[in-house]
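Visitor: coords below, sequence missing:
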């Protein structure tokens, strides 16, 4: 486009220079020979210009004085005009046929108008431009198809990588073959470290969004990988302790416990306790594993959350008489898996029991507002440090290892409660103060009282 504009400007400038040269030569001949005879006038038409006396005042424009020294003296101060024979019905072809360049000059005591009609030059230019335009059009269409193929070929690996990154962001379950294909694509970026990122600043603007998406995907992969490593490490640590205890008591039995009844009973009790703890830990790990793989089948039914909370409270009071229990419930209905909701409520109450000193109060309340049913467990326990509150739902996280050993537990309960709540479209709120207590509320979407039982797989 720029070259075409430059070509048009150069052609226009050349046409004006040609017209000025022709008029200048005609003015010089006029000074030497005077007006041409009628016979000569007919011959002048073939050259493209004509000369006639100027009657009346000349209309047009003059060349700026700063440019006049560069022109012929005969026409430097002349009045110039561009005339169109039929200006009302002007067409592109008419412009080539009817345009006239006029210059009024002084010769002696007379004014003469020298007219130049560049029709032939314009026709030559028009033909040249038509040929150039046709060639450019052919080259344009050819380059479109050639460039399209080249662009598709060049961007095909990036497109495949983007599709793989998009699939990874979903909750789909990947087959090993799919993961191997994805690993091969990411290997082209950098397979040495997961913390390697694409430099967005050095990327072309068209690919910056894709580079940012890939970096975000790598961040999620790196975070997930580190979480899995930490999870495996913590699980191994939690399982190593009861196994070591069982192994120790088994050795004790092998050495002295066969004849010592006291040692025998102590070993049996310890092995039973550690076996029960290990069984509970394994069950929790399997629960989370099924949840992560999206293979948990839920029985969704309509029930009253307040009645469920009262049931959990009665069961807790039967096994724990060391705390004061208070309940404030209002009827509210939800549609969820009743056994899982009951498990989440038990987790909250169990945590309150562990971290609340004997004789202190634990309050259970159920209410409904803004389309959500709220189940709250509040205690008067040791509380949670503010910096630890955002981490309490992480797997195996415990705020105080010494207290954790005294109270038991592997730090998976709140992770399970959070999964259950979010699986049902709800969320959890936590408010805690050190040495004052903790209040944890889980919210579930409410349901109308008229209901029908639904059994099946619950989808988010």
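Guide: Nice, I can see it. Note that the structure is a prediction, hence the values are computed from the model and not measured.

Visitor: all helices of the stretch 101-250 of the chain, in order?
Guide: Here the stretch 101-250 of the chain has its helices, by DSSP state H, counting those that start in this stretch, at 119-169, 176-187, 208-252.

Visitor: among those helices, which gets the worst mean confidence?
Guide: Of all those, the minimum mean pLDDT falls on helix 176-187 (a mean of 53).

Visitor: so what's residue 113 up against?
Guide: Residues near residue 113 by CB atoms under 8 Å, 6 or more residues apart in numbering: 51, 52, 53, 54, 58, 102, 103, 104. Any C-beta I mention is one placed from the backbone N, CA and C, and that applies to glycine too.

Visitor: what do you get if the cut-off is 6 Å, keeping everything else the same?
Guide: Counting by CB atoms under 6 Å, 6 or more residues apart in numbering, residue 113 makes contact with 52, 54, 102, 104.

Visitor: and for residue 428?
Guide: 418, 421, 442.

Visitor: just the terminal-to-terminal distance for stretch 356-372.
Guide: The separation between the terminal residues of stretch 356-372, taken as CA to CA, to the nearest Å, is 28 Å.

Visitor: neighbouring contacts of that stretch?
Guide: Stretch 356-372 is contacted by residues 305-306, 309, 313, 322-330, 332, 352, 374-381, 443, 446 when judged by CB under 6 Å, 6+ apart.

Visitor: just to revisit the earlier point, tell me which of the contacts of residue 113 is nearest to residue 216?
Guide: residue 102 (70.3 Å; CB to CB).

Visitor: the closest one contacts residue 79, correct?
Guide: No - using CB atoms under 6 Å, residue 102 is not in contact with residue 79, being 8.3 Å away.

Visitor: any residues in contact with both of the two?
Guide: Common neighbours of residue 102 and residue 79 (CB under 6 Å, 6+ apart) do not exist.

Visitor: tell me which of these two has more neighbours.
Guide: residue 102 (24 against 19; other CB atoms under 10 Å).

Visitor: quick one, what contacts residue 380?
Guide: 356, 360, 361, 437.

Visitor: state the pLDDT value of it.
Guide: At residue 380, pLDDT is 93.

Visitor: and for it, nearest residue in space, chain neighbours not counted?
Guide: residue 360 (4.1 Å; CB to CB, 6 or more residues apart in numbering).

Visitor: measure that neighbour to residue 326 for me?
Guide: 11 Å (CB to CB, to the nearest Å).

Visitor: for residue 306, same thing?
Guide: Applying CB to CB to residue 306 and residue 326 gives a distance of 14 Å.

Visitor: could you do residue 75 as well?
Guide: As for residue 75, its distance to residue 326 is 111 Å (criterion: CB to CB).

Visitor: those two - which one has more neighbours?
Guide: Counting neighbours by other CB under 10 Å for residue 75 and for residue 326 shows that residue 75 has the greater number, 24 against 11.

Visitor: so what's the residue count around residue 67?
Guide: Neighbour count for residue 67, taken as other CB under 10 Å: 10.

Visitor: which other helices and strands contact the helix or strand containing residue 24?
Guide: Element membership for residue 24, per DSSP states H and E: helix 2-33. Helix 2-33 is packed against strand 99-107, strand 110-116, with contacts defined by 3 or more CB pairs under 6 Å, 6 or more residues apart in numbering; DSSP states H and E.

Visitor: residue 19 is in contact with residue 117, isn't it?
Guide: No - the criterion here is CB under 6 Å, and residue 19 misses it with residue 117 at 9.5 Å.

Visitor: check the gap between the nearest residue to residue 339 once chain neighbours are set aside and residue 289 for me.
Guide: Excluding the flanking residues, the one nearest residue 339 by CB to CB, 6+ apart is residue 299, at 7.3 Å. Relative to residue 289, residue 299 is positioned 20 Å away (criterion: CB to CB).

Visitor: over to residue 131?
Guide: For residue 131, the distance to residue 289 - CB to CB - is 74 Å.

Visitor: with residue 57 instead?
Guide: Separation of residue 57 from residue 289 (CB to CB) stands at 102 Å.

Visitor: these two: which is more packed in?
Guide: residue 289 (12 against 8).

Visitor: would you mark the buried spots in the helix or strand harbouring the more buried one?
Guide: Here residue 289, judged by DSSP H and E, is contained in helix 261-292. Buried residues in helix 261-292, counted by 16 or more other CB atoms under 10 Å: 263, 267, 270-271, 274, 277-278, 281, 284-285, 287-288, 291.
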